[in-house]
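Peer 1: pasting a predicted model and its sequence here:
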Amino acid sequence: MSSTRFLTGITTSGTPHLGNYVGSIRPSVRHSLIEGVESYYFLADYHALIKIDDPARIQRSTLEIAASWLACGLDPERVVFYRQSDVPEIPELTWFLTCVTGKGVLNRAHAYKAQVDKNTASGVDPDSDVTAGLFMYPVLMGADILMFNAHKVPVGRDQIQHIEMARDMAHSFNHRYGEHFVPPEAEIEESVATLPGLDGRKMSKSYDNTIPLFAPREQLKKLIASIVTDSRLPGQAKEVADSALFQIYQAFATQDETASLRQAYANGIAWGDAKQLVFERIDREITPMRETYQALMKDPAKIEAILLKGATKARQIATPFMGRLRQAVGLQDLRAQVSAKVAKTAKAAKPLFKQYRESDGKFYFKLLDA
Ligand code: TRP
């Protein structure tokens, strides 16, 4: 039986924080260890260029994210771990997909639409500050996924629409040129917690409320000490509901440990003592990985070599596949006979049923004739 292929991209636009660790790195690394699973993890550095025009930041983030995933136990021998920009077949496929993607479909992409709506609301040109890169974001993402014919793409809810668009691109291409792509599916991790940040809102770079995953010990302690609490005094019972500190602890602790902190809250533990407990628990999990991380950060050559090896593995799939796709669309050696058979299969294609979910949450269907 052939295995299920999973694929995930991480945009290289920041420093990994505890929220990334709990929500993405830790579950992904665990998942990659399951038998019968073939995983692809890549650093989406072409995607980062859409948001960031600071070369030093892009490079720094790429290094930090690669070092973090490796330090957290991702085994590059077991998975395919690569950098998007080391696989030139991906931008090439992006163009092929661009040519089978309706502009109207991209008009509806959330990130683009949000910017247009914002511009319209503030009375400026609808496309103000919108690059063609932002508009094309879903096509590049579609190429990432379809390049390796991934079956499942683990993503957060905000990315479901992109996976649906990738499915659509797979269908459109297959419809014209024969069955080349597997339509991917989004895999939503319901059980994975979103971690609150220092101010109690979701931990996110855009709220500037993050705790860096590998902050030095002293800084980690200071940051945990600055998590918002209410003003209840030592001896007064504390509420666990809405306590960011409690939720963060829960993401690291066993059930028994969580139960005893719950009890300590009820018994009126002082906030300072609760914070010390949370710090020690997190630090216990992070310390061994932090040491590996720091060693890797001092050895960029090692990470570079790992990524290049990963790209070689990725291209063992991408290069021949792209060759077949080039042939399928008619970009080929002029001495070769254009295969009439391929053209015929495409013509004989069946009518196509398409399904979308729009931002209103409703499903929409389309039936296209062959
Ligand atoms: N868009 C994803 C994010 O912002 C990153 C990404 C790029 C990705 N290409 C992908 C995720 C392909 C899954 C599959 O998080």
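Peer 2: Happy to help now that I have it. Numbers count the residues shown, from 1 in each chain.
Peer 1: C-alpha only now, for contacts and for neighbours.
Peer 2: Will do.
Peer 1: what residue ranges in the stretch 151-300 of the chain score low on pLDDT?
Peer 2: By pLDDT under 70, the weakly predicted segments of the stretch 151-300 of the chain are 191.
Peer 1: helices along that one, start to end?
Peer 2: Taking DSSP state H, counting those that start in this stretch, the helices of the stretch 151-300 of the chain run over residues 160-177, 217-225, 244-250, 255-266, 271-297, 300-329.
Peer 1: mind putting these into CSV with distance to the ligand and mean neighbour count?
Peer 2: Putting those into CSV (distance: least, CA to the nearest ligand atom, whole Å; neighbours: other CA atoms under 10 Å) gives the following:
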stretch, distance to the ligand, mean neighbour count
helix 160-177, 8, 22
helix 217-225, 25, 16
helix 244-250, 22, 22
helix 255-266, 30, 15
helix 271-297, 22, 17
helix 300-329, 14, 17
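Peer 1: for the residue of the stretch 1-150 of the chain found nearest the ligand, give me the pLDDT.
Peer 2: Nearest residue of the stretch 1-150 of the chain to the ligand, counting by CA to the nearest ligand atom: G9, 3.7 Å away. At G9, the pLDDT value in this model is 95.
Peer 1: so it bridges to which residues?
Peer 2: Applying DSSP bridges to G9 gives these bridge partners: F42.
Peer 1: give the contact list for it.
Peer 2: Neighbouring residues of G9 by CA atoms under 8 Å, 6 or more residues apart in numbering: Y41, F42, L43, A44.
Peer 1: which of the residues you listed are close to the ligand?
Peer 2: Among the contacts of G9, the residues that sit close to the ligand (CA under 6 Å from any ligand atom) are A44.
Peer 1: please dump the contacts of G9 into CSV; it should also carry pLDDT and neighbour count for every row.
Peer 2: Converted to CSV, the contacts of G9 look like this (pLDDT from 0 to 100; neighbours: other CA atoms under 10 Å):
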residue, pLDDT, neighbour count
Y41, 97, 23
F42, 98, 24
L43, 98, 25
A44, 98, 22
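Peer 1: export the contacts of G9 to a markdown table and tack on distance to D117?
Peer 2: As requested, the contacts of G9 are exported to a markdown table (distance: CA to CA, whole Å):
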| residue | distance to D117 |
| --- | --- |
| Y41 | 33 |
| F42 | 31 |
| L43 | 30 |
| A44 | 26 |
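Peer 1: what is the nearest of the contacts of G9 to L223?
Peer 2: Compare each of these with L223 using CA to CA and the shortest gap goes to L43, at 27.5 Å.
Peer 1: surely that closest one meets Y82?
Peer 2: Yes: the pair L43 and Y82 passes the contact test of CA atoms under 8 Å, sitting 6.4 Å apart.
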